[in-house]
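Visitor: What follows is a predicted protein model with its sequence.
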Amino acid sequence: MSLDLQPEQQQPEHSYLNREHLTQQIIDAGRFLYGKGWSPATSSNYSARLADDKALLTVSGRHKGELGFNDVLATDLDGNSLEEGKKPSAETLLHTQLYKWRKEIGAVLHTHSVGATVLTRLTEGDSLQFEDYELQKAFSGVVTHQSVVTVPIFDNDQDIERLASKVRPWLEAHPDCVGYLIRGHGLYTWGAQMSDALRQIEAFEFLFECELRVRALQKN
Ligand SMILES: CSC[C@@H](O)[C@@H](O)C(=O)COP(=O)(O)O
Ligand SMILES: [Zn+2]
C-alpha cells in the first residue's frame, strides 16, 4: 500500500503493527541507511507510528547502523517521552508534527547524506524543484514525470521548536508535500509504511545526485 496524499480522500483507519515489528523495521532501516552512507556517525533519526496518538522514535545519540531493541522509545505526539530513562531524539518534534499533520503517515525518516548537505548549501533559494525526472513517480501521489516536485529548504536551527514552527505552515499550505530539506543538515521524508518512506529516501538521493552532476557539468 502506498501513501495517497490527496487531502480530500478519506483514509482507512490504521491497523498498527506491534511494537516489536515496528522496532525491527527501524533497526533494519538504520542498517540500510547507514550502509548507503546517508546516516553517518550518530546522525539521523527514524520513527514509526505506534498508535493514533503515539510514535516510536530512536533514542538520541545512538549509532543508526547498530540499533538494537533498546534504542527506541514511545512518545506522545507532543514529543514527550513515555519511557523513563530514555531520551528521545533531539528532533522528535519534527517527527511528531508530521504524525499530527496527516493521520495516514505511518513512518518518518531523517537522513544526513552528502548529497542533501551539499545541494542545500549550493542552493540560495528556499526550495528545490524537480521536473522531468521519471523517478519522481517514486513519490506518493506523483504519476508522471511531467510534474513539478517542490522541496522546501529551511535554514538549520538548533532550536527544534522554532524550526518545527517554520515547517508547520509550509505543510499546512502544501498537503501534497513529500519531503523537506534543512540547509547544511539533511532530509525529512515519510510514508504510510516504513517501506514507502525508504522508497522516497532512495528517490530523493537519486534526484540529489542527478542535480549535483547536472550542475557540475553545466559549470564546465
Ligand atoms: C551527529 S550530529 C546530528 C544531530 O545533531 C541531529 O541532527 C541528528 O540527526 C541526530 O540526533 P538524535 O538526537 O540522535 O536523533
Ligand atoms: Zn539531523
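Guide: Received the coordinates, thanks. Numbering: from 1, shown residues only. Ligands and ions are numbered 1, 2, ... in the order given.
Visitor: Count the residues that sit near A203.
Guide: Using other Cβ atoms under 10 Å, A203 has 22 other residues around it. Yep, even glycine has a C-beta here, placed from its N, CA and C like the rest.
Visitor: ok, which stretches of this structure are strands?
Guide: With DSSP state E as the criterion, the chain has strands at 45-51, 54-58, 72-76, 107-111, 127-131, 148-154, 179-182, 186-191.
Visitor: Quick check: which of those strands is buried the most?
Guide: With neighbours taken as mean count of other Cβ atoms under 10 Å, the strands of the chain reach their highest mean count in strand 107-111, at a mean of 28.
Visitor: what lines up beside that one in the sheet?
Guide: Taking DSSP bridges as the criterion, strand 107-111 forms sheet pairs with strand 45-51 (antiparallel), strand 186-191 (antiparallel).
Visitor: what angle sits between that strand and strand 54-58?
Guide: For strand 107-111 against strand 54-58, the angle between stretch directions is 30 degrees (axes from the mean of the first three to the mean of the last three Cα atoms, to 10 degrees).
Visitor: what's in contact with strand 107-111?
Guide: For strand 107-111, the surrounding residues in contact (Cβ atoms under 8 Å, 6 or more residues apart in numbering) are 25, 29, 33, 38-39, 43-49, 55, 91, 94-95, 98-99, 186-194, 196-198, 200-201.
Visitor: Just the CA atoms from that strand would do, formatted as PDB, please.
Guide: Output in PDB follows, covering the C-alpha atoms of strand 107-111 (Å, rounded to 0.1, in the frame of the first residue of the first chain):
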ATOM      1  CA  ALA A 107       6.800   6.200   9.300                       C
ATOM      2  CA  VAL A 108       9.200   9.200   9.100                       C
ATOM      3  CA  LEU A 109      12.900   9.100   8.200                       C
ATOM      4  CA  HIS A 110      15.500  11.800   8.600                       C
ATOM      5  CA  THR A 111      18.900  11.400   7.000                       C
END
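Visitor: What pLDDT is listed against the residue lying closest to F208 once chain neighbours are set aside?
Guide: Leaving aside its chain neighbours, F208 sits nearest to G115 (3.5 Å; criterion: Cβ to Cβ, 6 or more residues apart in numbering). You'll see G115 listed with a pLDDT of 98.
Visitor: G115 - how many residues pack around it?
Guide: Burial measure for G115: 20 neighbouring residues, criterion other Cβ under 10 Å.
Visitor: how near is it to V148?
Guide: Using Cβ to Cβ, to the nearest Å, one obtains 20 Å as the distance from G115 to V148.
Visitor: just to revisit the earlier point, of the contacts of strand 107-111, which fall within the contact range of ligand 1?
Guide: With Cβ under 6 Å from any ligand atom as the criterion, the members of these in contact with ligand 1 are 43-45, 91.
Visitor: most surrounded residue in those residues?
Guide: Sorting these by how many neighbours each has (other Cβ under 10 Å) puts N45 first, at 29 neighbours.
Visitor: and the gap between the nearest residue to that residue once chain neighbours are set aside and S43?
Guide: Excluding the flanking residues, the one nearest N45 by Cβ to Cβ, 6+ apart is S89, at 3.9 Å. Per Cβ to Cβ, S89 is found 11 Å from S43.
Visitor: do L98 as well
Guide: According to Cβ to Cβ, L98 stands 19 Å off from S43.
Visitor: How about Q25?
Guide: For Q25, the distance to S43 equals 19 Å [Cβ to Cβ].
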